[in-house]
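Enquirer: what's the 3D shape of this:
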Amino acid sequence: MQFPPQLVLASASPRRSELLARLGIRFAVAPSAIPEEPLPGESVVDHVLRLSQEKAREVAARPEVAGRWFLGSDTEVERDGVVLGKPVDAAAAAAMLRSLSGRAHQVVSGYAVYDRVSGEMTAGTVLTKVFFKDLTEVEISGYIASGEPFDKAGAYAIQGLGAFMVRAIDGSYTNVVGLPLCEVVTVLERLGAITLFADPL
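Expert: All right, here's what the predicted structure looks like:
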């Protein structure tokens, strides 16, 4: 008999689910209902950190959701102090991509693991710098026509067709995808929530 997973991902993001699943981690998914609007004067780092913790706590407070450890995360794309969310239409996507063309921007993710038993919250943030090549109008319109930009912050997916635009990154690749795996797995292992590799002794 296999028991339900004790780790719960408090996110509807298919990219976060895919990243965890690739490592063979067992987890359940229960998307958070926390509003994601920033507070007045809130920095990007504070915003993603707060949302990550609120998402984990909100799902953990639901008695119908089984599990012990609750993982919340939030990712934002920032360029020159401006947060680039998901484009609402093709014109917005084109404007975002033009603003990123030939320049650097940063991807900031927050992550939080809440232990329902102990009440302990472990949280942090990860920042990755991303450098884009110079994009032509043909590349921008072709990429938009693929449909990939529309549910992605910053209007691109580094793990998809959008990889052709990325000249270099400084920092965590999985953070740009949507979940900084190195940091998250380190926390989950320390808490005893997962064991990636069994001790051979």
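Enquirer: From now on I want contacts and neighbour counts done on CA atoms only, so please keep to that.
Expert: Noted.
Enquirer: where does the chain dip in pLDDT?
Expert: 1-2, 201 (pLDDT under 70).
Enquirer: again, only this time at 80
Expert: 1-4, 198-201 (pLDDT under 80).
Enquirer: can you map out the helices along it?
Expert: Counting by DSSP state H, the chain has helices at residues 14-22, 44-60, 90-100, 137-145, 173-177, 181-191.
Enquirer: closest to residue 78 out of the ones you listed?
Expert: helix 44-60 (7.8 Å; CA to CA).
Enquirer: Let's have the helices of the chain in a markdown table, adding mean neighbour count.
Expert: Formatted as a markdown table, these follow (neighbours: other CA atoms under 10 Å):
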| stretch | mean neighbour count |
| --- | --- |
| helix 14-22 | 14 |
| helix 44-60 | 23 |
| helix 90-100 | 18 |
| helix 137-145 | 15 |
| helix 173-177 | 21 |
| helix 181-191 | 16 |
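Enquirer: Would you convert those helices into JSON lines that also reports distance to residue 128?
Expert: Converted to JSON lines, those look like this (distance: least, CA to CA, whole Å):
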{"stretch": "helix 14-22", "distance to residue 128": "17"}
{"stretch": "helix 44-60", "distance to residue 128": "12"}
{"stretch": "helix 90-100", "distance to residue 128": "15"}
{"stretch": "helix 137-145", "distance to residue 128": "23"}
{"stretch": "helix 173-177", "distance to residue 128": "7"}
{"stretch": "helix 181-191", "distance to residue 128": "13"}
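Enquirer: now could you export just the CA positions of stretch 151-161 as PDB?
Expert: Extracted in PDB, the C-alpha atoms of stretch 151-161 (Å, rounded to 0.1, in the frame of the first residue of the first chain):
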ATOM      1  CA  ASP A 151       1.300  32.300 -20.000                       C
ATOM      2  CA  LYS A 152       4.900  33.200 -19.200                       C
ATOM      3  CA  ALA A 153       6.200  36.100 -17.100                       C
ATOM      4  CA  GLY A 154       8.400  38.300 -19.300                       C
ATOM      5  CA  ALA A 155       6.800  36.700 -22.400                       C
ATOM      6  CA  TYR A 156       9.300  33.900 -22.900                       C
ATOM      7  CA  ALA A 157      10.100  30.300 -21.800                       C
ATOM      8  CA  ILE A 158      13.800  29.500 -21.400                       C
ATOM      9  CA  GLN A 159      13.000  25.800 -21.400                       C
ATOM     10  CA  GLY A 160      11.000  26.000 -24.700                       C
ATOM     11  CA  LEU A 161      11.400  27.700 -28.000                       C
END
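Enquirer: So for residue 154, which of the helices of the chain sits nearest?
Expert: helix 90-100 (6.4 Å).
Enquirer: so that closest one versus helix 137-145, what angle?
Expert: Interaxial angle, helix 90-100 versus helix 137-145 (axes from the mean of the first three to the mean of the last three CA atoms, to 10 degrees): 130 degrees.
Enquirer: related to what we said a few turns ago, of the helices of the chain, which is nearest residue 106?
Expert: helix 173-177 (8.8 Å).
Enquirer: before we move on, the earlier item: with respect to residue 129, which of the helices of the chain lies nearest?
Expert: helix 173-177 (8.9 Å).
Enquirer: what's the closest one packed up against?
Expert: helix 14-22, strand 104-115, strand 121-132 (3 or more CA pairs under 8 Å, 6 or more residues apart in numbering; DSSP states H and E).
Enquirer: Since that was my last question, I'll sign off now.
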